[in-house]
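# Based on what follows, work out the 3D shape:
(one chain, ligands or ions: 1)
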Amino acid sequence: MEKIIVHAKFHTGHRQLGYPGKCRFVHGHTWRGTVAISTEVFPRDTLDMSIDFGHIKQVMRDLDHKMLVVESDATFMDATRFEPEGVVVMPGRGPSVENVAHYVFDRVVALIGRQYPGCGITYRVEVTIQETENNLFIVDKTATV
Ligand SMILES: [Zn+2]
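Residues are numbered from 1 along each chain as shown. Okay, the predicted model is just below:
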């Protein structure tokens, strides 16, 4: 078994619309993310490198200094009020740590598919997103690409 592990840190704003506590107000976090990808034997490029560590890190770095929202957040989806390039739309009903982890998971799987399309290799992809010192969420699933 081979495994790649990449860490990244990114700063974002978000808010949990409809949440009864203080998290409904705009606030920021310094998130820490870890992506661990394992498979029996990774495919290799012409330099015997597997999946580019920098590209995996970039999936998380693309969120840096952005406002994480969902489609239903009309205020931040209004391009006349907030620059669209500063807003990232998360899946689901809120920009929760759960949905940030799924967002990263989906993009990492797509990244593998772009680099090594149609290989039919099954990868275990574990995405850990830490919202605060005490709160983290893990998506741990397999994907065949
Ligand atoms: Zn928060």
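# Farthest out from the centre of the protein, which residue is that? Tell me.
For the chain, the largest distance from the centre (CA atoms, centre = their mean) belongs to residue 46, which lies 27.8 Å off.
# what's that one sitting at in phi/psi?
phi -70, psi -10 (degrees, to the nearest 10).
# per-residue pLDDT, it?
At residue 46, the model reports a pLDDT of 93.
# For it, give me its contacts.
Listed by CB atoms under 8 Å, 6 or more residues apart in numbering, residue 46 has no contact partners. Bear in mind the C-beta positions are built from the backbone N, C-alpha and C, glycine included.
# Distance check, it against residue 58.
Distance, residue 46 to residue 58, by CB to CB, to the nearest Å: 21 Å.
# Which secondary structure element is home to the closest residue to residue 125 other than its chain neighbours?
The shortest distance from residue 125 to any non-neighbouring residue, by CB to CB, 6 or more residues apart in numbering, is to residue 37 (5.3 Å). Here residue 37 sits within strand 27-39, counting by DSSP states H and E.
# Give me the sheet partners of that strand and which way each runs.
Counting by DSSP bridges, the strands paired with strand 27-39 are strand 2-14 (antiparallel), strand 122-130 (antiparallel).
# Quick check on residue 82: phi, psi?
Torsion angles, degrees, to the nearest 10, at residue 82: phi -130, psi 130.
# Could you check what's spatially nearest to it, not counting adjacent residues?
Here the residue nearest residue 82, using CB to CB, 6+ apart, is residue 76, at 5.2 Å.
# Per-residue pLDDT of the one you found, please?
96.
# What residues of the one helix or strand it maps to count as buried?
Residue 76 belongs to helix 74-77 when elements are defined using DSSP H and E. Residues of helix 74-77 classed as buried by neighbour count (16 or more other CB atoms under 10 Å): residue 76.
# That helix - contacts with which helices or strands?
Counting contacts by 3 or more CB pairs under 8 Å, 6 or more residues apart in numbering; DSSP states H and E, helix 74-77 is packed against strand 66-69, strand 87-89.
# If anything else comes up later, I'll come back, but that's it for now.
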